[in-house]
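[1] Any chance you could fold what I've pasted below:
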Amino acid sequence: MSWETSLLRRLYVYLWLFKLTRFGKVLVLFGVLAASFVAWSVEILSFYLFSALFAVGFFSFLFNLMWRTRFEMRLSMPDRVVAGAFLRAVVDVRNTGRLPAYDVGVSFVLLPAGLREVTVENYIPVLSPGESARLFLSIHAAQRGSYRLPPLRCFSAFPLRLLRSGASRLPVGNLLVLPSFTALENINVPVSPRYQIGGVALTANIGESPEYIGNRMFQAGDSIRRLDMRAWGRVGAPVVREYQEEYFLRLAVVLDTFVAHSTLRHPRRLSRLESAISLTAAMVDALSRGEYLLDIFAAGPELYNFRAGRGAPPFDNVLEILSCIEPCHTNPFRVITPALADELGNISTVLFVFLDWDKDRREMTRIAAECGCRTRVLVVREGNTTLPAESDGEISLTCITPDTLRSGGVTSL
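    Residues are numbered from 1 along each chain as shown. Reported below is the predicted structural model:
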């Protein structure tokens, strides 16, 4: 039986995390110390101290067990928050029991790693039968991700606020913590228009309008929608309208998610990925405000592709996807580079966000250039890269440290 489902873990969650308040935990610790003195000392004072602590805890437990009431809760809180921010929740509590409830509070038990409840224990002194009151909770979202929140519990800590009682639970659902980023004022992107197969259909009918340039005789394969009936009537043969071929700027942003297993022991190195995701979010935010069609690729075990800009799903959807990206622990570049090359035929420019600069990443950049794409490389790393981080005639390379990104020092690229 695993720790996640073991009886020992359930007892730990119920007794230590929920049942005992902060004062109750202090009482238990002092009781354990007093018991150790009783076991190893013949001093009568240590026995009196242990007996007093035991009596307080025991009678508090009995009274808490007998004086139980029921509650009804209504929770109001956002379903998403930015990493590093504090989430504020409002809880309306109503006493549905027959007895008055004293020292009523609410709390989450065993929040997922990455979330922390920072609310100082606040209580409603007394809640009469049928009466309602309001409490507030504050949660610090330290790390991006999608979290399933545990049920919200309502309890009474009467008497002495040593123990909690109450089985009222409210299912909450999921909380999405979005990556934080500093908005870019401008971004220098080397672009050139490129003909797109499918034209404005790729941009959900938002983009350049096709311009009429003339007529010509009908040829096999022409769309019947372009037939010009008036011209057909004048010349006595099928005539179609001609339009200017459609060119627009289609960009790709490739995010590197490769984090070696050895890096997991170094949280500072692991923060490179978080900084790279924040930089990607800032770039997509800046580019989505322009007339670009964006393809975002996440280089993991497989090549994940999603689109933004020019009528595609809004930027909030991109943040949702970036918030759920997981690190890849095996080198993916030799596998996904051919797959990326297949996607670059209609793309004008590729922006790479790498965590290092080595042979495999340089080969991916070279293949993008061979596909006719303009390239720019951004390396998020502190210290030296595996290969010298130098720009050449085809590759524009810029190094940025995670500390600079976290401090908001990057406002333009």
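[2] Could you report the neighbour count for Glu274?
    A count of neighbours around Glu274, defined by other C-beta atoms under 10 Å, yields 19. Just so you know, the C-beta spots here come from the backbone N, C-alpha and C atoms, and that holds for glycine as well.
[3] what sits against it?
    Glu274 makes contacts with Gln143, Arg144, Pro179, Pro402, as judged by C-beta atoms under 8 Å, 6 or more residues apart in numbering.
[4] Tell me how far it lies from Arg144.
    Separation of Glu274 from Arg144 (C-beta to C-beta, to the nearest Å): 7 Å.
[5] what do those two both touch?
    Counting by C-beta under 8 Å, 6+ apart, the contacts common to Glu274 and Arg144 are Pro179.
[6] The closest residue to Pro171 other than its chain neighbours: what's it in contact with?
    Nearest in space to Pro171, with sequence neighbours left out and distances taken as C-beta to C-beta, 6 or more residues apart in numbering, is Pro151 at 5.4 Å. The neighbourhood of Pro151, defined by C-beta under 8 Å, 6+ apart, consists of Arg169, Leu170, Pro171, Val172.
[7] can you tell me which of the contacts of Glu274 are in helices?
    Pro402 (DSSP state H).
[8] May I see the contacts of Glu274 organised as JSON lines, with pLDDT added?
    As requested, the contacts of Glu274 are exported to JSON lines (pLDDT from 0 to 100):
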{"residue": "Gln143", "pLDDT": "89"}
{"residue": "Arg144", "pLDDT": "89"}
{"residue": "Pro179", "pLDDT": "90"}
{"residue": "Pro402", "pLDDT": "87"}
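[9] Which one of the contacts of Glu274 is nearest to Glu131?
    Comparing those against Glu131 with C-beta to C-beta places Gln143 closest, at 38.8 Å.
[10] which regions of the protein sit below the pLDDT cut-off?
    When residues are selected by pLDDT under 70, those of the chain lie in 1-5, 42, 120-121, 191-212, 244-248, 261-270, 308-314, 391-394.
[11] and it, what are its domains?
    Residue ranges for each domain of the chain read 7-66, 71-178, 211-245, 247-406, as given by automatic domain parsing.
[12] How about the third one, which residues are buried there?
    Buried residues in domain 211-245, counting neighbours by 16 or more other C-beta atoms under 10 Å, are found at Asn215, Phe218, Asp228, Ala231, Val239, Val240, Arg241.
[13] The fifth one and Arg225, how far apart?
    By that I understand Val239. Noted for Val239: a distance of 13 Å to Arg225, by C-beta to C-beta.
[14] shared neighbours of the two, anything?
    The overlap between the contact sets of Val239 and Arg225 (C-beta under 8 Å, 6+ apart) is empty.
[15] Could you say whether the nearest residue to Arg164 once chain neighbours are set aside sits in a helix, a strand or coil?
    The spatially closest residue to Arg164, leaving aside those adjacent along the chain, is Phe155, at 3.9 Å (C-beta to C-beta, 6+ apart). Under the three-state scheme (DSSP: H, G, I helix; E, B strand; the rest coil), Phe155 adopts strand.
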